[in-house]
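*Asks:* any chance you could fold what I've pasted below:
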Amino acid sequence: MKRIALATALGLPATTVPAGLTAAGLPVGAQLIGPAGGDARLLALAQAIDEDVRGFVAPPAQTPG
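*Replies:* Purely as a prediction, here's the structure:
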């Protein structure tokens, strides 16, 4: 989260998108930072990635063992 705050402080658009799950089933995100004024391109890229990984998929529920 600190890096997004830094990007915002510098006037750069930033976002995160879901990027899948680890082998352990934990969600992973990817941070995207665009050039100043590149908001529309950044959002288009984020949308394309989100569609490619099919959005957020919750990890499988674990039963207490």
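*Asks:* which stretches of the protein have low pLDDT?
*Replies:* Where the chain drops to pLDDT under 70, the residues are 1-4, 55-57, 59-60, 65.
*Asks:* centroid residue for it?
*Replies:* residue 17 (1.9 Å; CA atoms, centre = their mean).
*Asks:* need the contact list for it.
*Replies:* 29, 30, 32, 46, 49, 50, 53 (CB atoms under 8 Å, 6 or more residues apart in numbering). Every C-beta, even on glycine, is put in place using the N, C-alpha and C of the backbone.
*Asks:* quick check: the gap between it and residue 23.
*Replies:* Counting by CB to CB, to the nearest Å, the gap from residue 17 to residue 23 is 20 Å.
*Asks:* which SSE is immediately downstream of whichever strand or helix holds the residue nearest to the centre of the chain?
*Replies:* Under the criterion of DSSP states H and E, residue 17 resides in strand 14-21. Where DSSP H and E defines the elements, the next helix or strand beyond strand 14-21 is strand 27-33.
*Asks:* list the buried residues in that next one.
*Replies:* Judged by neighbour count using 16 or more other CB atoms under 10 Å, the buried positions of strand 27-33 are 32, 33.
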